[in-house]
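Trainee: sequence first, predicted model second:
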Amino acid sequence: MEDIIKDLSVYGYLILFFYSLGGGMVALIAAGILSSQGGMDIRICIVTAGAANIIGDAALVWLSRYNKSIVMPYIKKHRRKLALSHLLIKKHGAKIIIFQKYIYGLKTLVPLAIGFTKYSMIKFNIISSFGACLWALSIGFGSYYASGYFTNLTIFDSYIAPLIFLALLGIIWAYFTFATRKKQHLDID
C-alpha cells in the first residue's frame, strides 16, 4: 500500500496535469480525496489542474482559429452543437466561458467555437484563467473536504453516486440533443 501511495505522489500530479488539459474533473476529485488521506498535496493538485485547464483551453482556441482545416473533420458530426455553443457565447458571454468548466461536453465545444469566431483570444484567456482558477479551487477543496463522505460510503451507497453521475450526463446529453435537433417543417398543401 505504501508503494501505491508513493507512486501516486510521484506520478499522480503528472496524470492530473495531462487529464486536466481536456477537462479533469474526475481526476481533480480523485486527487482531492487522495490529498485528504495524505497521498497528495491539495495545493499542488489545485495549481496543477488549474494550469493544465488554462493551457488546454488556450490550445483549443488556437488550434481552431489557426488550423480550421485540421479540426473540421473531427467535429463534422458536432456542427449543430458547435453552433449552439456559439449562440450561448453570444447570449451569455463571459458567464458561459466560466460555466463551461463544470459541464461535460461544453468544455471542448466552447473554446472551439470561440476559435472559429473573431472573439478576442486575450479576453478569452483572461476569462478562462479566472474560470479555471475558480473551477480548480471549488472542485479541489470541495472534494478534499467532502472526502470523508466518499470514503465512508457503504457498498449500497457506492452504487448511488455513479447512478447520479450517469443521470446528470444523460440530462446534459438530452439537452444538447433537444437543443440542436433539426426542426421538422410541415408542408401543408
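Mentor: Noted; the coordinates are in hand.
Trainee: every contact and neighbour count from this point should use C-alpha atoms.
Mentor: Fine.
Trainee: separation between the residue nearest to the spatial centre of the chain and Lys118?
Mentor: When C-alpha atoms, centre = their mean is applied to the chain, the residue found nearest the centroid is Gly23 (3.4 Å). According to C-alpha to C-alpha, to the nearest Å, Gly23 stands 24 Å off from Lys118.
Trainee: next one: Ala27
Mentor: Using C-alpha to C-alpha, Ala27 is found at 33 Å from Lys118.
Trainee: of the two, who's got more company?
Mentor: Ala27 (21 against 9; other C-alpha atoms under 10 Å).
Trainee: report the contact partners of the more buried one.
Mentor: Leu16, Tyr19, Ser20 (C-alpha atoms under 8 Å, 6 or more residues apart in numbering).
Trainee: ok now stretch 123-132, how far from the chain's centre?
Mentor: Offset of stretch 123-132 from its chain centre (C-alpha atoms, centre = their mean, to the nearest Å): 14 Å.
Trainee: same thing with stretch 135-153?
Mentor: Using C-alpha atoms, centre = their mean, the offset of stretch 135-153 from its chain centre is 17 Å.
Trainee: list the buried ones in that stretch?
Mentor: Within stretch 135-153, the residues scored as buried using 16 or more other C-alpha atoms under 10 Å are Trp135, Ala136, Leu137, Ile139, Gly140, Phe141, Ser143, Tyr144, Ser147.
Trainee: stretch 166-173 now?
Mentor: For stretch 166-173, the buried set under the neighbour-count rule, 16+ other C-alpha under 10 Å, comprises Ile172.
Trainee: distance from the chain centre to that stretch, please.
Mentor: Using C-alpha atoms, centre = their mean, the offset of stretch 166-173 from its chain centre is 14 Å.
Trainee: pLDDT of it, averaged?
Mentor: Mean pLDDT, computed over stretch 166-173, is 76.
Trainee: ok, residues contacting it?
Mentor: Contacts with stretch 166-173, where a contact means C-alpha under 8 Å, 6+ apart, come from Tyr104.
Trainee: my read is that Val47 contacts Leu134, right?
Mentor: No - Val47 is beyond contact range of Leu134, at 11.1 Å (criterion: C-alpha atoms under 8 Å).
Trainee: mind showing which ranges of the chain have poor pLDDT?
Mentor: Residue ranges of the chain with pLDDT under 70: 1-9, 105, 150-162, 165, 176, 179-189.
Trainee: quick one, longest helix in it?
Mentor: helix 121-151 (DSSP state H).
Trainee: who are the packing partners of it?
Mentor: helix 25-36, helix 42-66, helix 94-99 (3 or more C-alpha pairs under 8 Å, 6 or more residues apart in numbering; DSSP states H and E).
Trainee: may I have the shortest one as CSV, with CA atoms only?
Mentor: So the one you mean is helix 94-99. Taking C-alpha atoms only, helix 94-99 is exported to CSV below (Å, rounded to 0.1, in the frame of the first residue of the first chain):
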residue,chain,number,x,y,z
ALA,A,94,-18.1,35.6,-20.1
LYS,A,95,-20.6,33.6,-18.0
ILE,A,96,-20.6,30.7,-20.4
ILE,A,97,-16.8,30.7,-20.6
ILE,A,98,-16.6,30.2,-16.8
PHE,A,99,-19.6,27.9,-16.6
